[in-house]
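Colleague: What follows is a predicted structure for the sequence shown.
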Protein chains: 2
Amino acid sequence: MAKIQSKGNSTKKEVIIEKASRLFREKGFGAASMRDLADHVGVEAASLYNHIQSKSEILQTICFRVANAFMSNLESVETSAQPILKKMESIIRLHIRMMLDQYEYVYIADHEWRHLPEPYLSNFLNQRRNYRKRLGDIIEDGITRGEIKTIEPYTAVLVILSAISGIDSWQRSRKSTTAEALEANMVKYLIEGLKK
Amino acid sequence: MAKIQSKGNSTKKEVIIEKASRLFREKGFGAASMRDLADHVGVEAASLYNHIQSKSEILQTICFRVANAFMSNLESVETSAQPILKKMESIIRLHIRMMLDQYEYVYIADHEWRHLPEPYLSNFLNQRRNYRKRLGDIIEDGITRGEIKTIEPYTAVLVILSAISGIDSWQRSRKSTTAEALEANMVKYLIEGLKK
DNA sequence: ATTCCCGGCTAACACTCGTTAGTTATTACT
DNA sequence: AGTAATAACTAACGAGTGTTAGCCGGGAAT
């Protein structure tokens, strides 16, 4: 076999995906070109195809990697034995942290998924729907147990997830607030809005 | 003069902008082509240029139309003499209503503004920053007056605006909830999270 | 030392893109 | 009716798209 990895501990395919994630976020999937990506990797456009199969394969990898990360976290929270409000808080915190230090990837899964080709698109949307459903079930469970204020679960899920995904406009313009402060403030608002 | 308007009470330019708004939302600005737009208008691509100057002029029109609508609403709320919590509620309700019945336009101003060419891009971002600043000032005012719970104003603005813009994923999949119920539920969450 | 193959390269294909030129049909005004 | 303006059309340009074919150098394996 020839050399397996080129630099550090990440394979070249991984480098491509990483550079692509920044590019896709900045310009959007449609406006980002393979030649542009190749420049950032330091290679000719055609050479990319020694490592990937297509432009949208990159998008698929990013989207499903993020989806799986959230999904497996949800599963471990579901099976844990915490009070509902704690469950929600830990899910919210994970989302915020992911948004803070996996920014590029999460952003793309949030905003560029519509460019996924079928059948990946349907697959992705099903996972998304399933995730939200189960998040809603946790809230509903909390309401019937009297641990959470009476609120329509689906709306609550929508508010929470959307609020967090809005962090991207904070990322762009590094305000005075630190990441830790932002997390604390956001958790406060989102959790106290749920408290009975 | 020749005919000023072609059908109903809207000029043809308006028809183009309306069809474009749906197309831009569905495919994204970059992926939506002028030929595609022309098909929806029922005309050849070149003919569009009798009514508009460029593809991005359409985007500019949409973005600034939305921005101005929100800005002028903000001004009238600022000068009104309501309790702070009422001010916030009426701003929130306007955002939700705009999102519900001007969906396409608001969505584009929210998500496709990055494709604006300079100097419109900077102009737009300045307006956006200004809007959020003034919204934050209202909240801060409410805190010092003791009408609102102590919370970092910028974070609150972020949560509120992002939560509302997340309605788009509700729009896509008309759930059991009606628009009115959604508005009520969302206001409840967002306002009770602010209440002292 | 020779074979093998990986991963880079150049060139090119087959489109699609936004937009312009030039022309014709249709409409409105005098 | 005749004229001027509007808005449609066809054709094309030049640039940029994702992707494939074919070639070549250099390190790994035998």
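Modeller: In hand now; what should we look at?

Colleague: the helices in chain A, which residues?
Modeller: For chain A, helices defined by DSSP state H occupy the ranges A:12-27, A:34-41, A:55-78, A:84-101, A:103-111, A:120-144, A:153-165, A:168-172, A:179-192.

Colleague: Out of those helices, flag the one nearest chain B.
Modeller: Minimum separation from chain B across the helices of chain A (Cβ to the nearest Cβ) falls at helix A:153-165, 2.4 Å. (Each C-beta comes from the backbone N, C-alpha and C, glycine too.)

Colleague: So which of the helices of chain A is the most surrounded?
Modeller: helix A:153-165 (a mean of 24; mean count of other Cβ atoms under 10 Å in any protein chain shown).

Colleague: so where is chain A shaky, pLDDT-wise?
Modeller: Residues of chain A that meet the criterion pLDDT under 70 lie in A:1-9, A:174-175, A:194-196.

Colleague: So which residues on it come close to chain B?
Modeller: Within chain A, the positions near chain B by Cβ under 8 Å from any Cβ of the partner chain are A:27-31, A:111, A:114-115, A:129, A:149, A:151-152, A:154-156, A:158-159, A:161-167, A:169-170, A:173, A:175, A:177, A:181-182, A:185-186, A:188-190, A:192-194.

Colleague: quick one: contacts for the closest residue to residue A:104 other than its chain neighbours?
Modeller: Nearest residue to residue A:104, sequence neighbours excluded (Cβ to Cβ, 6 or more residues apart in numbering or on different chains): residue A:21, at 4.0 Å. Taking Cβ atoms under 8 Å, 6 or more residues apart in numbering or on different chains, we find residue A:21 in contact with A:62, A:104-105, A:108.

Colleague: now swap in residue A:169 and tell me
Modeller: Counting by Cβ under 8 Å, 6+ apart, residue A:169 has contacts B:158, B:162.

Colleague: Residue A:159 now?
Modeller: By Cβ under 8 Å, 6+ apart, the residues touching residue A:159 are A:190, A:193, B:163, B:166, B:186, B:189-190.

Colleague: Let me have those in TSV, extended by distance to DNA strand C.
Modeller: Below are the contacts of residue A:159 laid out as TSV (distance: Cβ to the nearest atom of the strand, whole Å):
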residue	distance to DNA strand C
A:190	39
A:193	42
B:163	32
B:166	28
B:186	35
B:189	39
B:190	37
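
Colleague: from those residues, which is closest to DNA strand D?
Modeller: Nearest to DNA strand D among those, counting by Cβ to the nearest atom of the strand, is residue B:166 at 28.9 Å.

Colleague: ok, that closest one touching residue A:161?
Modeller: Yes - here residue B:166 reaches residue A:161: they are 6.6 Å apart, a contact under Cβ atoms under 8 Å.

Colleague: Can you give me the neighbour number for the nearest residue to residue A:35 once chain neighbours are set aside?
Modeller: Nearest residue to residue A:35, sequence neighbours excluded (Cβ to Cβ, 6+ apart): residue A:45, at 4.5 Å. When neighbours are counted by other Cβ atoms under 10 Å in any protein chain shown, residue A:45 registers 14.

Colleague: how near is residue A:45 to chain B?
Modeller: According to Cβ to the nearest Cβ, to the nearest Å, residue A:45 and chain B sit 18 Å apart.

Colleague: hang on, isn't that residue packed against residue A:16?
Modeller: No - using Cβ under 8 Å as the test, residue A:45 is too far from residue A:16 to be in contact (11.4 Å).

Colleague: how long is stretch A:115-124 from one end to the other?
Modeller: 11 Å (Cα to Cα, to the nearest Å).

Colleague: Over to stretch A:36-46?
Modeller: Distance between the two ends of stretch A:36-46: 12 Å, counting by Cα to Cα.
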